[in-house]
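1. one predicted model, sequence on top.
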Amino acid sequence: MSSIKNKTGSKPGQALWRSLDEYADSPEFRTLIEKEFPNHAPELFHSTSRRHFLKVMGASVALAGGLAGCRWPQQQILPHTSRPEGRAPGVPVSYASCWEQQEVAEGVLVTSYDGRPIRVDGNGDHPFQSGSATSQMQASVLGLYDPGRSSAPTHRDGDHRVSGSWEAAAEMLAEAGKSDKVAVLAAPKSSLALSMMRKRLLRKIPNSRWHEWAPLHRDSERQGTAQLFGRPMRPVADLSAARVLVCLDADPLMTHPASLAHSSGWASLRSSADDDEPVLSRVWAVESSLSVTGGAADVRIPARTADIAGIAVQLAAATGVSLPSDIAPIVSATQVTDEQILQMAADLKSHAGNCLVMAGDRQPPVVHALAHAINIGLGAVGKTLRFAEIENAERLAHIDDIALLADRIRAGEVETLLILGANPVYDAPAMNESWQQLIDRVPLSIHLGEYEDETAEVCDWHLNGTHFLEEWGDGRSWDGTITLRQPLIAPLYDGRSSIETLSILLDEKPQSGHDLVRSVLESRAGSDKDASWRSWLHDGFIRDSANAVDSAPAIRGGWGAAIESALQVPEGDEIVFLADHSLFDGRYANNGWLQELPDPVTKIAWDNCAQIAPSKAASMGIKTGDMIRLSSGGRELEMPAFVLPCQNPRTIGVSLGYGRLLSDRAAGRLSRKPSLYQIADGVGFDSYQLRSSEAVRAGYAPVSVARGSGTYQLATTQDHNPVRPEEFMGDLEFNEEQRRVGEFARVVGAGFTPDHQQVAESVEDAGPHHPDLKSLWKEHEYKSHRWAMSIDLNVCTGCSACVVACQAENNISVVGKDEVAYGREMHWMRIDRYFSGEDVDNPEVVHQPLTCNQCENAPCEQVCPVAATVHNEEGLNDMVYNRCIGTRYCSNNCPYKVRRFNYFNNTKSPSVTEKMGYNPEVTIRSRGVMEKCTYCVQRINSSKIRANNERRKLTDGEVLPACAQTCPTNAITFGDLADPESRVTATQKSHRSYKMLAELNVKPRTGYMAKLRNRPDQDEG
Amino acid sequence: MKQLLDKLSPIMRPELTGNAESPEIDNTAYLPDARQPLVTGENDNTTITDKVCQIVEQKPTVGWWMFFLLSLSVLGLLGVFIPFLIFWGVGTWGVNNPAGWGYAIVNFVFWVGIGHAGTLISAILFLFRQKWRTSINRAAEAMTIFAVICAGMFPGIHVGRAWFAYWMFPIPNQMELWPNFRSPLLWDVFAVGTYFTVSLLFWYMGMIPDLATLRDRAKHSVRKVAYGLLSLGWTGSNRHWHVYERAYLLLAALATPLVLSVHSVVSFDFAVSQVAGWHTTIFPPYFVAGAIFSGFAMVMTLLVPARQLFGLKDVITLKHLENMNKIIMLTGMLVGYAYAQEFFIAWYGGVKVEKFAFINRAFGQYAWAYWIMVSCNVLSPQIFWFKKMRTNITVMFIVSIFVNIGMWFERFVITVTSLANDYTPSAWDYYSPKLADVTILIGAFGLFFTLFALFCRFLPFIAMTEVRGVMAEKARLKSPPPQQGASDSASEDSAAGS
């Protein structure tokens, strides 16, 4: 009762109340309400004012109207009572923008359908890249529509989080801006606007400091070039000139930020092999875990990551680099022999000028310095390599920067911590204390991000950020070209970008992202500022804005001082932490397309694993799926093993980015279960737990491996029966697979020139004998187009961008781990990864993309009882979804097994936002219906209609299926066989061309071109 | 087995009247100068009629109720899991990407195979004047009908959109959309449909005189009306008999090619496709032999208990069972020959993928299933080389169960092993059933036995008229117990009226 009196005395209570408890707002009542309405029900505690009611109603109406309707970019709101010129409803429009990862922006073209972005492709006009896109760029559009994104600011209220509003958040930010001792922890970005905001913040708030943290970064490259030249520089490689490429633990074709430019450059020296004078590059890869580049390499040498420094020293000595001190290079017991290193060196020297040595970001700075010393010594600078200046040269290494932040927090020097996009609770190594404890020490912690992630859960405030398709911004591409970002859609959840948030913090009158970006670039505009701005936005980049290049950087004396210490490596097993090919550092964990994308190397979806070499696994009696216990520097983690051929026997490879906790289980406060849309929650294993600061610095860590308890089911899309090491060579199925690999994914030596027999006919090492092929039925006649595809295995790296591009284009469902494990994945396109060779620990790798071959004599068509799959007059094998009753006979009779069946209703209840992301040109398939690749028939038809309207014939290359469009190496050629001049006709006539399973007389329209492997032992012949 | 059945007899069998109880008489001995009687014991026209009609006329026994209710509850599994399947989708089964067909198709082929024995016994053996068929043909035909009903259920529920399964029928429509006449699945629809129709007609027509007997003996008015309607006004007149026998002969001639064609067409589902391990020219005869094999085994499984429990040892004698065992052994060896031939051709043909398909069957991931199949189908019937074994009730019952298991596994091996490891190794996978697969497999047996229990209860289990016709004439006319080896040329004549 006293509380009621107190309440009455202190301030006016609620006007209406239901009980005395409510009136007093007693703890019992709060508990009751908490039980009734768990989480995010703050309104119940406060009286609803008329003003508040109107606000909520207004927001609801705005949301209902806004979400359901079309959203145009905010700066161009147009009333469509009369249709504006040039915009036809239902006709997709492309806008240039940019996507960023690892501080490097990639120009993209975003296709928008009635105001909804549905596809992200590369910006072909961009000076540093082609029109291709990576799998992560392709999947980013699903990230925009992810219903698991955070939808409102939340803040901590006692033991639980309550949702707030941006008004309250803005008040809080403005208050924070007036305080002293502000620290910002930002995910590093190449944005000029963000850099300007950083400077303004540091100027305005005296005791403030800006820290940056990314778990995967390129610090050793900066430090290595700094050792060599006295200042950090960015090595910009041109692989189209590199006749010999040596990768020291580097993965230029996949995880490197410039992988797209590298891929197209590398491919240009591979596919020209059909010319009269074939030029074929040779790639040497020295690495510990199989990378995409390693799989594509001509020679792959497994070595411990720790030992590669020694190999680099030997290589440098053999190529004539004068090493500063008298070092006797010692290569500790690896499989790498002196002979191999000398061979590599000889190869480099014989192609001096047209060669390149690249070092990976797991290697210590000195290996980068050595690599560039070799490059400079062999005259590569100016040909295959240029050194560009970089901004912000003075910044600390990420791990030092975040350690400094930890020290400052402990010293009480941080009162307000603003975290912009970083997620240290999940991905930063503990600094004596965990990051949760460190953040708890800060009086006011604010997190801005797209997801309410592990860090958001422990911060006082979480502000919902924007997706890159919702914000204004800018960035620099790998060569420094300024690339612009324009929003394709108004923020779906009313988020704010980093620069807008900082503007709220710093400015009396917060500026919009548009104004901030424009103001920072204003100085670069010509006389007509509006015209420049418009042309930049149209192009997506600013021409000739690349960073300055130092054509002859001077090598500083004494650069090799660190060599001695780099050679002091511990013996024994090591663990290396790999950037995940799908999730990268974990930021894409809630993206279903990327989760379901089989890893190019392991073919595992929805998990990470500890990659272990067959010989090591055999010696420990470990099979794929067995749990193993990894201990490194006092940290322990149990993970499932995956026996991976090509893995170095003394290296355990573990990819990062899994084991996310997106629900507030992360904070350990409440036991709220992850929502339906928090798909990343609890998927895989959090390998960051094993990664100490020392491991971040060194790139590897000593590890001891022991058998763990039990087994774990890994969902793989290939080898559903994991290869058992003890039976590896004797296994019946394995032997048969080995026999067939040579027929499917044909590999020939570099000396295979047009003078040779056709691959398709050379029976010795390729196709099986078969009688004359006769057809049982009268065959189809084709009077117009004859669509066909060629896939060049020689340039396919297995990067899987095509798989995601296909998924985005064709509205392919995500089915989840259990269904993938059952063998019911829905991808229309898959990339078969085969190992071949005698050495189990280091076999050769071949990738073969496989999708519907559109057989002219299609076995699927013949057996369908209801004629739901039929041949069309252009040779496409059409699926009539409406007619399909789902006997699955077609799939059984398909020798390529490329048909996919909807075992369940995979598209039963998409969320409002997911629906916005569907491609309206492609039907959503129902349950019980078969589906498969159509060669993107919707694109063929829209191109035909366009050409028809313009009264012209289709030109070669005008029709591009999604896979062909996005392929970073242009491995996929599509066109019309009826056109004798088309590229696809030429490629299918190539001496390297063959058809898979041609002996079945199914007459596939997809042709393959044999892979050329340029082994050094073939040089003589 | 025998003891068990004897123990069960009191609750299972109806109260028998007259001289019903008679011991097992061995009529299997070879007599150089005479034929063994097809009906043993002290039987005449009246006792045969009484024995058969009693099964229907007396109140159902406790045993019958137990059997019926058990079958019905197993059938209930179908009632639960088929709606479950149709509500959620065929993903509730274990089928996956390389193995698009699983238990449903295995069960379909298994049940169609079972459905072969009845028509073979009634039509082919009729044309070949095998008089011993008369005692078993009615039950065997009933089994055929029920097996085909079980089989027919599976194509309907195994498709992804069961509610459109009728699109497989050539129904005229305004869009002029027809099924694809090149598809073996469509041929299946016709083959199984025709087979079912003809078998049903043949079975029903053969039953008309017996239904008339039941009608004439019926005391209850409902029975009178029901059997009256079913017997189509049969009076047993000379003209009726004349027309009846013509029609029976014609239907027998019509059903005979169907026995061979239906499983040939079912085998085309596999043989016409190009899956290695399916694409084999031996499949049609091999499937027919297998079907007869499994059909006879199922007849054996049903009749061995039934003759005991319904007191029909005199009618379904040891000689009948022995004859069937001989056929089981013969067809078992045919099937074994086909297994061997497949391997030979796979090697001789030189197609490497096919060679692998067969080696993989025997030694790959499904080797366990293959060896279950071989031991049940090829090895277990070999015991029938010994007369002692093929006249031993217990042994023949156990072997018949083995053959049923083996033949189910044969279809499993063919369907699943070939699909799981076919042309493209990257797509290889392992098929394993889920709960819904297993329950629907068991539930189909529930359906089968429920129908069979109803048949025993309401329809004449034995073709009385035909059996009366093959009895020795003296026996027919209430005479002293027949001498062993006594035969009467009169019994060779056509069946006599009641």
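-> Sure, I can see it.

2. spit out the contact partners of residue B:381.
-> Under the criterion of C-beta atoms under 8 Å, 6 or more residues apart in numbering or on different chains, the neighbours of residue B:381 are B:328-329, B:332-333, B:399, B:403. To be clear about C-beta, it is placed using only N, CA and C from the backbone, and glycine gets the same treatment.

3. with residue A:861 instead?
-> Residue A:861 sits next to A:869-871, A:877, A:890, B:180 when contact means C-beta under 8 Å, 6+ apart.

4. could I have the CA atoms of whichever strand or helix holds it written out in CSV?
-> Residue A:861 is located in helix A:859-863, with elements delineated by DSSP states H and E. Extracted as CSV, the C-alpha positions of helix A:859-863 are listed here (Å, rounded to 0.1, in the frame of the first residue of the first chain):
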residue,chain,number,x,y,z
PRO,A,859,15.6,-39.4,-71.9
CYS,A,860,13.4,-37.4,-69.5
GLU,A,861,10.9,-36.5,-72.2
GLN,A,862,10.3,-40.0,-73.3
VAL,A,863,9.3,-41.4,-69.9
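
5. quick check: next helix or strand after it?
-> In N-to-C order, the element after helix A:859-863 by DSSP H and E is strand A:869-871.

6. residues making contact with the next helix or strand after that following strand?
-> On the C-terminal side of strand A:869-871, the closest following helix or strand by DSSP H and E is strand A:877-879. By C-beta under 8 Å, 6+ apart, the surrounding residues in contact with strand A:877-879 are A:852, A:854-855, A:858, A:860-861, A:868-872, A:930-932, A:934, A:937.

7. out of those, which end up buried?
-> Buried positions within the contacts of strand A:877-879, assessed by neighbour count (16 or more other C-beta atoms under 10 Å in any protein chain shown), are A:852, A:854-855, A:858, A:860-861, A:868-871, A:930-932, A:934, A:937.

8. quick one: mean pLDDT for the helix or strand containing residue A:29?
-> In this structure, residue A:29 sits in helix A:27-36 according to DSSP H and E. The average pLDDT within helix A:27-36 is 69.

9. likewise stretch A:862-870?
-> If you average the per-residue pLDDT over stretch A:862-870, you get 92.

10. so is it next to chain B?
-> Yes. Applying C-beta under 8 Å from any C-beta of the partner chain, one finds that stretch A:862-870 is in contact with chain B at A:862-867.

11. quick check: end-to-end length of that stretch?
-> From its first residue to its last, stretch A:862-870 covers 9 Å (C-alpha to C-alpha, to the nearest Å).

12. for the residue in the stretch 801-950 of chain A positioned nearest to chain B, list the residues it contacts.
-> Distances from the stretch 801-950 of chain A to chain B, computed as C-beta to the nearest C-beta, single out residue A:886 as the nearest residue at 2.0 Å. When the contact criterion is C-beta under 8 Å, 6+ apart, the partners of residue A:886 are A:901-902, A:928-930, B:90, B:159-161.

13. next, name the residue at the spatial heart of chain A.
-> residue A:136 (3.4 Å; C-alpha atoms, centre = their mean).

14. point me to the residue of chain B nearest chain A.
-> Closest point on chain B to chain A, by C-beta to the nearest C-beta, is residue B:160, at 2.0 Å.

15. ramachandran angles for the spatially closest residue to that residue that is not a sequence neighbour?
-> Ranked by C-beta to C-beta, 6 or more residues apart in numbering or on different chains and with sequence neighbours excluded, the top spatial neighbour of residue B:160 is residue A:886, at 2.0 Å. Torsion angles at residue A:886 (phi, psi; degrees, to the nearest 10) stand at phi 80, psi 50.

16. give me the pLDDT for residue A:886.
-> The per-residue pLDDT reported for residue A:886 equals 93.

17. separation between it and residue A:215?
-> Residue A:886 is 45 Å from residue A:215, where distance means C-beta to C-beta, to the nearest Å.

18. check whether the host helix or strand of residue B:209 contacts chain A.
-> Of the helices and strands defined by DSSP H and E, residue B:209 is found in helix B:184-217. Yes. Judged by C-beta under 8 Å from any C-beta, helix B:184-217 and chain A are in contact via B:184-186, B:189.

19. ranges for the helices of the stretch 901-1021 of chain A?
-> For the stretch 901-1021 of chain A, applying DSSP state H, counting those that start in this stretch gives helices covering A:912-917, A:937-949, A:962-966, A:983-989.

20. closest one to residue B:287 among those?
-> The minimum distance between residue B:287 and these falls on helix A:937-949, with 39.3 Å, by C-beta to C-beta.

21. who's in contact with that closest one?
-> Where contact means C-beta under 8 Å, 6+ apart, the residues beyond helix A:937-949 that reach it are A:787, A:809, A:874, A:876, A:878, A:919, A:921-922, A:953-955, A:958-962.

22. make a ChimeraX selection of whichever of those turn out to be buried.
-> This is the ChimeraX syntax for the buried subset of the contacts of helix A:937-949, where burial follows 16+ other C-beta under 10 Å:
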select /A:787,809,874,876,878,919,921,922,954,958,959,960,961,962
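
23. in strands, which of the contacts of helix A:937-949 fall?
-> For the contacts of helix A:937-949, the ones inside strands are A:787, A:878, with DSSP state E as the criterion.

24. of all the contacts of helix A:937-949, which two lie farthest apart?
-> When these are compared pair by pair using C-beta to C-beta, the farthest-apart members prove to be A:919 and A:953, with a separation of 26.6 Å.

25. give me the nearest residue to residue A:959, chain neighbours excluded.
-> Once its chain neighbours are removed from consideration, residue A:959 has its nearest residue in residue A:943; the separation is 4.6 Å (C-beta to C-beta, 6+ apart).

26. again but with residue B:261, I slipped
-> residue B:191 (6.1 Å).

27. for residue B:294, see how far away the one you found is.
-> Distance of residue B:191 to residue B:294, computed by C-beta to C-beta: 17 Å.

28. repeat for residue A:736
-> Distance check for residue A:736 against residue B:294: by C-beta to C-beta, it reads 31 Å.

29. quick one: low-confidence parts of the chain?
-> Using chain A. Judged against pLDDT under 70, the low-scoring parts of chain A cover residues A:1-15, A:33-50, A:52-54, A:56-87, A:271-278, A:324-336, A:663-675, A:720-732, A:750-770, A:1018-1021.

30. wait, chain B was what I had in mind.
-> Low-confidence segments of chain B, defined by pLDDT under 70, span residues B:1-23, B:472-498.

31. which residues in the stretch 601-750 of chain A form helices?
-> Ranges of helices within the stretch 601-750 of chain A are A:614-620, A:693-698, A:732-744, based on DSSP H, counting those that start in this stretch.

32. what packs against the helix holding residue B:209?
-> Counting contacts by 3 or more C-beta pairs under 8 Å, 6 or more residues apart in numbering or on different chains; DSSP states H and E, the secondary-structure elements packed against helix B:184-217 are helix B:45-57, helix B:116-119, helix B:137-158, helix B:221-230, helix B:238-271, helix B:464-470.

33. pick the most buried one from those.
-> Across these, averaging neighbours per residue (mean count of other C-beta atoms under 10 Å in any protein chain shown) puts helix B:116-119 on top, at a mean of 30.

34. where does the stretch 1-150 of chain A get nearest to chain B, which residue?
-> Checked against chain B (C-beta to the nearest C-beta), the nearest residue in the stretch 1-150 of chain A is residue A:135, 19.1 Å away.
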